[in-house]
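Trainee: Mind looking at a prediction? Sequence and model below.
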Amino acid sequence: MNEARGELLGGETDFFGVDFAPSLIAAAHELKSPLVLLRQLTFQIEDDKDSKTVRRMRLTTERALRLADNLTKAARLDDAMFSCEPIQLSNLCAAAIEEMQPLADALAVKIRFRPTRISRIAIGNRELLHALLVGLIDNALHYANGKSIEVATRFFDNKMVVSVSDAGNNISLDEFRKLKNAIGRTNLPLSSRPLSSGLGLMIATKFAAAMNGQLSVKRRAAGGMTFMACLPTSQQLSLLEL
């Protein structure tokens, strides 16, 4: 299988139904207030002798805040203005990696970046694409098994593809299908990936679709998974830096 190809992620169940969206937004806002307070408290006690624990507390809080923000965005995709524009993926990847570097350091995992040799300008929404990429990196870091993860970009089939690969445990074909079908439902963790509830991938799928793109997944021969977001490309010159 070509590395730019994979199983499309999607599901028949629409977790963000019209009736549920207002409750989801309200719940996300209710969740953010205590999380913001917890993060502020970690800053106040950072000088404590157990500062390593405090930093882990803050990173966990920030992870939960990102999820709350993404839940709100996903529930409001039809109402909010998420216009698309030309994006240089290398710059966006660098920004996402920089944001996730503290968590990578805490988990003792190295993030490697492999840009494409053939570059094109992608079309997408910066806010959604940044959130999508950060979410995929976050997921990969927790399944890196102390090894490195890889963020890569490539040009394939007239689309720009940004991917995140981890070195997690081998996953069976049956579990792979469960992962694919779990999008839209949040109660199907896998035995080899107990942290994968499907919620983060469901949000990423929503974000990709909102940018006229697709999220796909493939199993790695050496173990682990690669998640890929395929985006349409701009007709502008590929050397354009934005």
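Mentor: Looks like it arrived, so ask away.
Trainee: that's a helix at residue 205, yeah?
Mentor: Yes: with DSSP: H, G, I helix; E, B strand; the rest coil as the criterion, residue 205 is part of a helix.
Trainee: close enough to count as contact, it and residue 215?
Mentor: Yes: the pair residue 205 and residue 215 passes the contact test of Cβ atoms under 8 Å, sitting 4.7 Å apart. C-beta here means a position set from N, CA and C on the backbone, and glycine is covered the same way.
Trainee: the strands in this structure, which residues?
Mentor: Read by DSSP state E, the chain holds these strands, from start to end of the chain: 7-8, 85-87, 111-114, 122-124, 149-156, 159-165, 214-219, 225-232.
Trainee: Identify whichever of the ones you listed lies nearest to residue 45.
Mentor: Taking Cβ to Cβ, strand 111-114 is the member of the strands of the chain nearest to residue 45, at 28.1 Å.
Trainee: Could you pull out the buried residues of that closest one?
Mentor: If you call a residue buried by 16 or more other Cβ atoms under 10 Å, then strand 111-114 has these buried ones: residue 111.
Trainee: What helices and strands are in contact with it?
Mentor: Counting contacts by 3 or more Cβ pairs under 8 Å, 6 or more residues apart in numbering; DSSP states H and E, strand 111-114 is packed against helix 89-106, strand 149-156.
Trainee: in its sheet, what does it sit against?
Mentor: Based on DSSP bridges, the strands next to strand 111-114 in the sheet, each with its direction, are strand 149-156 (parallel).
Trainee: Need the contact partners of the strand it pairs with.
Mentor: Around strand 149-156, the neighbours that count as contacts under Cβ atoms under 8 Å, 6 or more residues apart in numbering are 2-4, 89-90, 93, 96-97, 104, 109-116, 118-120, 133, 137, 140-141, 160-167, 230, 233.
Trainee: list the buried ones in it?
Mentor: Of the residues in strand 149-156, those buried under the neighbour-count criterion (16+ other Cβ under 10 Å) are 149, 150, 151, 152, 153, 154, 155.
Trainee: Neighbours of residue 202, how many?
Mentor: Residue 202 is flanked by 24 other residues according to other Cβ atoms under 10 Å.
Trainee: Which secondary structure element of this structure has the lowest mean pLDDT?
Mentor: Lowest on mean pLDDT, DSSP states H and E among the helices and strands of the chain sits helix 21-44, with a mean of 62.
Trainee: Hmm, residue 106 is touching residue 59, no?
Mentor: Yes: between residue 106 and residue 59 there is a contact at 5.7 Å, judged by Cβ under 8 Å.
Trainee: okay, those two: which has more neighbours?
Mentor: Comparing residue 106 with residue 59 by other Cβ under 10 Å, the one with more neighbours is residue 59, at 18 against 15.
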